[in-house]
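J.: coordinates only, sequence not included:
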């Protein structure tokens, strides 16, 4: 069974640019969550999508947005990049979210903003 | 506000030296508590889900326990391959997730 895949794995952007990250969940999983991980803040929840709808949202500014397609693949977009957006962005999928549904994480996209 | 605090931040162990990691939490209503293992440069790997106080789960050299205020991850006779950062994650009744900062475990041969 193929795991969660994320593309690209590494990305370098400059301030003010925008970026789109992609996540393909495990086949059959309908919930996709996005996280930002930095050495200083640890793992922080961005949002969760389920059946193409945003079901849960963390405390991030509106520059961070996402969407989910009918095949459960998800994209995350960050506009007007700031230096502080440099982080590892992780995507996780689960059958239908919620407790007991273990999340499977992808390898992450390492974003560097210069 | 829901909170998760992990201690210690870092733990250095000799191979075979058993120890415990702590995850203390405050939550209005607990749906579940998760433990993950994360290796450098990789995404977290699921270990356990605990639902209620008194519950215990085991996997190889790891054992997770849960009380009403904290969870412990016991590592018995660790090996160098157990070196990783262990994350504690809380899911509240409103489905909000709260993450601990993690405990980085280093096991020396």
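T.: Here it is on my side, so go on. Predicted, not measured: the structure shown is a model, and the values here were computed from it.
J.: check contacts around residue 59.
T.: You didn't pick a chain, so chain A it is. By C-beta atoms under 8 Å, 6 or more residues apart in numbering or on different chains, no residues touch residue A:59. C-beta here means a position set from N, CA and C on the backbone, and glycine is covered the same way.
J.: the chain in question should be chain B.
T.: Counting by C-beta under 8 Å, 6+ apart, residue B:59 has contacts B:47-48.
J.: against chain A, how distant is it?
T.: Applying C-beta to the nearest C-beta, to the nearest Å, the value for residue B:59 to chain A is 12 Å.
J.: likewise for residue B:13?
T.: From residue B:13 to chain A the distance is 22 Å (C-beta to the nearest C-beta).
J.: A helix includes that residue, no?
T.: No: per DSSP: H, G, I helix; E, B strand; the rest coil, residue B:13 lies outside any helix segment and is strand.
J.: my guess is it meets residue B:77, correct?
T.: No: at 10.0 Å, residue B:13 and residue B:77 do not qualify as touching, with contact defined as C-beta atoms under 8 Å.
J.: please identify which of the two sits among more neighbours.
T.: residue B:13 (19 against 12; other C-beta atoms under 10 Å in any protein chain shown).
J.: got a list of what residue 60 touches?
T.: Here I'm looking at chain A. By C-beta under 8 Å, 6+ apart, the neighbours of residue A:60 are A:36, A:44, A:46-47.
J.: number of residues surrounding residue B:34?
T.: Using other C-beta under 10 Å, residue B:34 is surrounded by 24 other residues.
J.: stretch A:10-17: which residues count as buried?
T.: Using 16 or more other C-beta atoms under 10 Å in any protein chain shown as the test for burial, stretch A:10-17 gives residue A:13.
J.: list the contacts of it.
T.: A:19, A:21, A:80-83, A:109-114.
J.: give me the neighbour count for residue 19.
T.: Reading this off chain A. 18.
J.: you looked at the wrong chain, it should be chain B
T.: Neighbour tally, residue B:19, other C-beta under 10 Å: 17.
J.: give the contact list for the closest residue to residue A:53 other than its chain neighbours.
T.: Nearest-residue entry for residue A:53: residue A:68, 7.6 Å, with adjacent residues in sequence omitted and distances by C-beta to C-beta, 6 or more residues apart in numbering or on different chains. Contacts for residue A:68 (C-beta under 8 Å, 6+ apart) come out as A:32, A:49-53, A:74.
J.: how about stretch B:23-37 and chain A, any contact?
T.: Yes: applying C-beta under 8 Å from any C-beta of the partner chain, one finds that stretch B:23-37 is in contact with chain A at B:31-32, B:34, B:36.
J.: can you list the contacts of residue A:60 in JSON lines and add neighbour count?
T.: Shown next, in JSON lines, are the contacts of residue A:60 (neighbours: other C-beta atoms under 10 Å in any protein chain shown):
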{"residue": "A:36", "neighbour count": "22"}
{"residue": "A:44", "neighbour count": "16"}
{"residue": "A:46", "neighbour count": "21"}
{"residue": "A:47", "neighbour count": "21"}
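J.: from residue B:26, how far out is the closest residue to chain B within chain A?
T.: Per C-beta to the nearest C-beta, residue A:105 is where chain A lies closest to chain B, at 3.0 Å. Taking C-beta to C-beta, to the nearest Å as the measure, residue A:105 and residue B:26 are separated by 26 Å.
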